[in-house]
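Q: Here is a sequence with its predicted model. Questions after.
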2 protein chains.
Amino acid sequence: MRLISLVERDGYPSDPNHIFLTAGASAGVSLLLSMLIQDSNSGVLIPIPQYPLYTATLAQFNGAPTPYYLDERHGWSTSVDAVETALKDAVTRNVKPKALVVINPGNPTGALLDEATQEQLVKLCEVHSLVLLADEVYQDNLHKRTTHSFTSFKKVVSKLRSNVPLVSFHSTSKGVTGECGRRGGYFECTNLSDDILGLIYKMVSVGLCPPLSGQIGVDSMVRPPRKGDPSYGLWKAETDSIHAALASRTKVMAKRLNQLPGVTCVDSPGALYLYPQITLSTKAQAAARAQGKEPDTFYALRLLDRTGICVVPGSGFGQEEGTWHYRVTCLCPGVEDYVTALETFHGEFQAEFGS
Amino acid sequence: MRLISLVERDGYPSDPNHIFLTAGASAGVSLLLSMLIQDSNSGVLIPIPQYPLYTATLAQFNGAPTPYYLDERHGWSTSVDAVETALKDAVTRNVKPKALVVINPGNPTGALLDEATQEQLVKLCEVHSLVLLADEVYQDNLHKRTTHSFTSFKKVVSKLRSNVPLVSFHSTSKGVTGECGRRGGYFECTNLSDDILGLIYKMVSVGLCPPLSGQIGVDSMVRPPRKGDPSYGLWKAETDSIHAALASRTKVMAKRLNQLPGVTCVDSPGALYLYPQITLSTKAQAAARAQGKEPDTFYALRLLDRTGICVVPGSGFGQEEGTWHYRVTCLCPGVEDYVTALETFHGEFQAEFGS
């Protein structure tokens, strides 16, 4: 692929030999984690809450998940202190941290890192000899005015002239390019030695190739139509309308969720989700436990049964002890209707179990 | 998917809940091997020569390849004695064999197992508590009259009422359904406990789904047009012509390869390949070593440089010490021309390095 858009995005050169096509970002993450984990003491720092690909893949390869907590009270921000705390905790468990996973924009939180925090995280990786795994699949999903825009870790690392080994993951199935089932993605390596790149090349080759349709999707994503191209007008109109719809749905949902008793919701600028916190009464918790379920799973299953709306309970993503959340997507048209259904359900749930 | 064709093939029922769709057979093999390998003493019996997916994946997950040798003098047949020898050898290396990989029809050999041997192999798995991994991706690639037809391990295990855990892999990219880049496949589990099936379900879910185009390919493969369907005539004509072309190309190649001095070639009935043995002189071996290459790699690279024909050296698949092979596909039209080029090259090579 021509790497026009990566160079344009970051202002630094990209080497096609340092980029590997994958069957979606998941396949790349899985490959890198399998290479980083040497034994069950190999730790990987992961944000909590986090897209459970990471915990699941760490379980598969018998690595040690080393959680650091995102700060819900400050818009799900990432603090270097929280990562330092996790590193100290790892030492007490005899875990040797190998890598730091950062999801930016966040999944499920939708939070967007600022460049100052990114610089601190890169420096932390330098100090602790960590590989930085940057999950940047939502980089094109920003649908709210923010004080800052998306900055890639490639740009931050390049600007700092840092030697931190960085792998950045991207996917066609977010943004506006393709559906999840197309399975297209790539990862770009920065500061990896030729030996390691050679090993990655060999391992990627074992899987033959990502699906053709995914490869075509990646090509479309990194080389979108440009002003003056015949398809530019249509592409721009469709892209803008998708982003506008996401922005308006997210805004409506966040506002109305925040008006519900016992619900607070960070109105995040990115990704495709909201991750509201719900207060669940002692009675609701007891009813859940009686069924052998986590309280948020109990809530989510009831919501599904009563309204047909499917949300993912926070216990799948991780959350601070004693708090409960769910992840809801902002993708569906007819948002007014399903928020109304959600409100009605929540009222009935509280009437039954107390607030 | 409706499982008409699996049931028709074997005469035994198939349970859709025991079948998992994959991005080609490779993804399924990788998943199963990752689950079977507990530590570096976990052994997996693999045929030599073998499609290097197995050695590469065992290296990735730090398992112990436990090779058993196929018998070239008897048409690359599989003998239970050879597997028993490998099992004894494993004990001396402190390796605990977990699984037996059988590739039927063989890759790169194209050999087809007979049912009596399959029964012996199943019984061997019973005795040694091995999981049987049956790579049956070439089951529809039989293009020569044989004394017996393809029999699935599912059928053999079912017929014997054996309790051997069996996983059979299939793919859309062999046969006549689709190209490799579509990435479609599935594996069917027999005699796996609900616990293990639950675990596989969870692990498969982490990867979200195989590519949509691959899923469509699997559907086309397991439900081909039937007599009376509007597309049956065209499908039958195309399928038959592909098989006829493969048969005729394989026949021409095997015959002419066997006429070359210093070349012997098993004329196998299946897969898409031939795997001729080549005698390489001491001078050729020395010239290869001087370049830091295996002798068969040296031969294959020269062939590529001189003729543009790409074959895969046997050292990639494994071979008995001191023998040299290459794998050549029988897929290309114009076989007469490229066999002629191959003959000319071989003559020149022998003129330069001796026979």
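A: Arrived safely. Please read these numbers as outputs of a predicted model, since none were measured by experiment.

Q: got the contact list for whatever residue of the stretch 1-150 of chain A ends up closest to chain B?
A: Distances between the stretch 1-150 of chain A and chain B by C-beta to the nearest C-beta are smallest at residue A:56, namely 4.3 Å. C-beta here means a position set from N, CA and C on the backbone, and glycine is covered the same way. Residues counted as contacts of residue A:56 (C-beta atoms under 8 Å, 6 or more residues apart in numbering or on different chains) are B:202, B:203, B:206.

Q: Spatially nearest residue to the residue in the stretch 251-355 of chain A that chain B sits nearest to, not counting backbone neighbours?
A: Nearest residue of the stretch 251-355 of chain A to chain B: residue A:316, at 11.5 Å (C-beta to the nearest C-beta). Distances taken as C-beta to C-beta, 6 or more residues apart in numbering or on different chains place residue A:52 nearest to residue A:316, at 5.4 Å, with adjacent residues excluded.

Q: ok, now how distant is that neighbour from residue A:329?
A: The gap separating residue A:52 from residue A:329 is 15 Å, by C-beta to C-beta, to the nearest Å.

Q: Isn't residue A:128 up against residue A:87?
A: Yes - taking contacts as C-beta atoms under 8 Å, residue A:128 lies within contact range of residue A:87: 6.2 Å.

Q: Now list whatever residues contact both of these two.
A: residue A:97.

Q: Quick check on those two: which one has the bigger neighbour count.
A: residue A:87 (20 against 15; other C-beta atoms under 10 Å in any protein chain shown).

Q: Quick check on the residue lying closest to residue A:18 once chain neighbours are set aside: phi, psi?
A: Spatially, and ignoring its direct neighbours in sequence, residue A:18 is nearest to residue A:189 (4.5 Å; C-beta to C-beta, 6+ apart). Phi and psi for residue A:189, reported as degrees, to the nearest 10, are phi -100, psi 140.

Q: and if you look at residue A:47?
A: phi -70, psi 150.

Q: what sits against the residue most central in space within chain A?
A: Per C-alpha atoms, centre = their mean, the C-alpha nearest to the average position across chain A is that of residue A:107, at 3.0 Å. Taking C-beta under 8 Å, 6+ apart, we find residue A:107 in contact with A:50, A:51, A:135, A:137, A:138, A:271, A:273.

Q: Among those, which are located in strands?
A: Counting by DSSP state E, the contacts of residue A:107 place A:135, A:273 in strands.

Q: so can I have TSV of the contacts of residue A:107 showing distance to chain B?
A: Listed next are those as TSV, based on distance: C-beta to the nearest C-beta, whole Å:
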residue	distance to chain B
A:50	13
A:51	11
A:135	15
A:137	12
A:138	16
A:271	16
A:273	16
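
Q: pLDDT score for the residue nearest to the centre of chain A?
A: Residue A:107 carries a pLDDT value of 92.

Q: what does the one 5 residues further on give?
A: Reported pLDDT at residue A:112 in the predicted model: 94.

Q: same deal with residue A:25?
A: So, for residue A:25, pLDDT stands at 91.

Q: State the distance from it to residue A:101.
A: 12 Å.
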